[in-house]
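Trainee: Below are the sequence and a predicted model for it; my questions follow.
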Amino acid sequence: MPLVKLSSKGQLVIPKAIREKLGLKPNKPLILEMVDEHAEIKPLPDVKRALKGIFKGRPSMCEALVQEHRNRDISLFPRFSPRAGKSGKRP
């Protein structure tokens, strides 16, 4: 078991073998958690990788919104009505 020391700034060096085993890289966020009377350090899960592909095969929200927009009756919105002048006000 490697022995590490805490610096005067509260920093510690994680031994290379442990960093490699956990896949830790510089500036990678870590979770520091108190468990009973000791602390556990865990790498923060890669959210992008964990969520990648979860919506695959489902209908596109973007396509549904575009279709809904195209189906709107523009006459319900007087400001955007073709009869409105450039100022957006009705004559």
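Mentor: Yes, it's here.
Trainee: avg pLDDT for stretch 39-47?
Mentor: For stretch 39-47, mean pLDDT rounds to 86.
Trainee: pull the CA atoms of that stretch into PDB?
Mentor: Coordinates of each C-alpha in stretch 39-47 appear next as PDB, following Å, rounded to 0.1, in the frame of the first residue of the first chain:
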ATOM      1  CA  ALA A  39     -12.300   9.400   2.500                       C
ATOM      2  CA  GLU A  40     -12.900   7.800  -0.900                       C
ATOM      3  CA  ILE A  41     -11.700   9.300  -4.200                       C
ATOM      4  CA  LYS A  42     -13.500   8.300  -7.400                       C
ATOM      5  CA  PRO A  43     -13.200   9.500 -10.900                       C
ATOM      6  CA  LEU A  44     -16.300  11.400 -12.100                       C
ATOM      7  CA  PRO A  45     -18.200   9.300 -14.600                       C
ATOM      8  CA  ASP A  46     -17.900  10.500 -18.200                       C
ATOM      9  CA  VAL A  47     -21.500  11.900 -18.700                       C
END
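Trainee: tell me how far it is from the chain's mean position?
Mentor: 16 Å (Cα atoms, centre = their mean, to the nearest Å).
Trainee: Mind listing what's buried along that stretch?
Mentor: Residues of stretch 39-47 include none that count as buried (16 or more other Cβ atoms under 10 Å). For glycine as for every other residue, the C-beta is placed from the backbone atoms N, C-alpha and C.
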